[in-house]
Structure formats: C-alpha cells, structure tokens
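Novice: Following is a predicted model, sequence given first.
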Amino acid sequence: MDETMHVQVVEKQKQAVPSENQQINRLTTPVDNTVIEVIYEENHEGSHEKNQAILNELIRGLRQFNVEHMGDEKSRPLMVVARDSDDKLIGGVSGVTIYQNFLITVVWVDEAYRGSGLGTELMIQAESEAKQRGCLAAQLDTLSFQAPIFYQKMGFEIVGTVPGFAKSPERFFMLKHYDEATASAR
C-alpha cells in the first residue's frame, strides 16, 4: 500500500465521530498527517460491524503484501466436527489451509468425550484433508493446561515457548511436518 493511500485512510478515520459508547485515544506521530488511534469500544449496536470493517481492511493489506512475496493464494477454511445422536456438537478441529500449511486455530472436545479417542480421530480426519489439499505442515499454539502432551502424541513438536507469568500460563507453539510423499498435489 503506498504512503498516500495510507494517509487517506487514516484521515478518514480521523474525521470519524465516536459514538457515546466508544472511546478513541488519538496519538500524534512523527509521520506527517497521520494519527494513530487506539479504539476502546463497548459492545453496542454497530460496533462489531465497524471493527470487522477495520479488521477486513488490515487483512486485505497484509494479504496484498503476502501475494507480492509468495504469490496469490487464498486461505481455505477446514473444519471437522463431531456430533452426538441428538445432533449436539461434541468436538471439532477448525483452521485454514494456505501456502501448504494447515493453520489450526481451535481444537475442542466436550468434557464427557475427552479420553475416548474422539480428539485423535478428529485430528486424523482434519490432517488427512489438509494433506489432500497439498499441505506439508500443520501449526498450532496451546496453553500449558490445555493439550501440549496430546499434540506431541499426534507428532507435533514444540518450536517455541512463551513463559508463563501471573494470570497467563505458558504458551507452546507447535509444528508437525508431513511427509511430502503423502501430501497429494493440489
């Protein structure tokens, strides 16, 4: 995104009038004609849409930057879920595939089904689909009280750790490489 376009976007935001439930903290910057805004927004009508529009604009900018360096590829959602006989959701794996990576964002199994093998089966199915899409690796992060041992049993390795501190447990970043021979071409 060129500098002029960036300044125009910021200028539009600068003219916005906050609602009664929205607080905006504006900071001046050393860059001419720009303002940095820290937006604190209460949950009120329209706030989600405004925040989503800002997030979408940020994602568009990042996606364009990535395309310039890695080529054009869109993320594709990948979700595998389990339901009980009453159609109640009891577990699932959710993420996206992009640039030959399966980026796992959520893995959850209802407490009544933990230890039953359901989580393993969900992961196997999700990873199988990721491999069919041409993924060569899977990535996720988990907190120390969640499931790092489960993921290690599934073949993930800890590649990074953020030490815990008051009211924030240790966080593990994990990676699993797939055998290129088993990942089919797109």
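Specialist: It's in.

Novice: how about the strands in the protein?
Specialist: All strands of the chain, identified by DSSP state E, fall at 22-28, 35-41, 76-83, 89-98, 101-109, 137-143, 157-162, 171-177.

Novice: pull the helix or strand with minimum mean pLDDT from the protein.
Specialist: helix 3-15 (a mean of 40; mean pLDDT, DSSP states H and E).

Novice: sorry, back to before: output the strands of the chain in a markdown table; the columns should cover distance to residue 122, mean pLDDT and mean neighbour count.
Specialist: Quick note: C-beta positions are derived from backbone N, CA and C, even for glycine. Shown next, in a markdown table, are these (distance: least, CB to CB, whole Å; pLDDT from 0 to 100; neighbours: other CB atoms under 10 Å):
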| stretch | distance to residue 122 | mean pLDDT | mean neighbour count |
| --- | --- | --- | --- |
| strand 22-28 | 40 | 58 | 12 |
| strand 35-41 | 35 | 72 | 13 |
| strand 76-83 | 5 | 97 | 15 |
| strand 89-98 | 5 | 97 | 19 |
| strand 101-109 | 7 | 97 | 19 |
| strand 137-143 | 13 | 98 | 19 |
| strand 157-162 | 20 | 97 | 12 |
| strand 171-177 | 15 | 98 | 17 |
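
Novice: Turn these into JSON lines, columns for distance to residue 117.
Specialist: As requested, the strands of the chain are exported to JSON lines (distance: least, CB to CB, whole Å):
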{"stretch": "strand 22-28", "distance to residue 117": "47"}
{"stretch": "strand 35-41", "distance to residue 117": "43"}
{"stretch": "strand 76-83", "distance to residue 117": "11"}
{"stretch": "strand 89-98", "distance to residue 117": "11"}
{"stretch": "strand 101-109", "distance to residue 117": "10"}
{"stretch": "strand 137-143", "distance to residue 117": "19"}
{"stretch": "strand 157-162", "distance to residue 117": "22"}
{"stretch": "strand 171-177", "distance to residue 117": "19"}
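
Novice: Identify the residue nearest the spatially most central residue of the chain in space, chain neighbours excluded?
Specialist: Centroid-nearest residue in the chain: residue 105, 5.4 Å away (criterion: CA atoms, centre = their mean). Once flanking residues are discounted, residue 105 sits nearest to residue 95: 4.9 Å by CB to CB, 6 or more residues apart in numbering.

Novice: For the one you found, which residues are in contact?
Specialist: 77, 78, 79, 102, 103, 104, 105, 106, 126, 140 (CB atoms under 8 Å, 6 or more residues apart in numbering).

Novice: do you know how far the closest residue to the last one other than its chain neighbours is from residue 123?
Specialist: Using CB to CB, 6+ apart and skipping residues adjacent in sequence, the residue nearest residue 140 is residue 104, 4.0 Å away. Taking CB to CB, to the nearest Å as the measure, residue 104 and residue 123 are separated by 9 Å.
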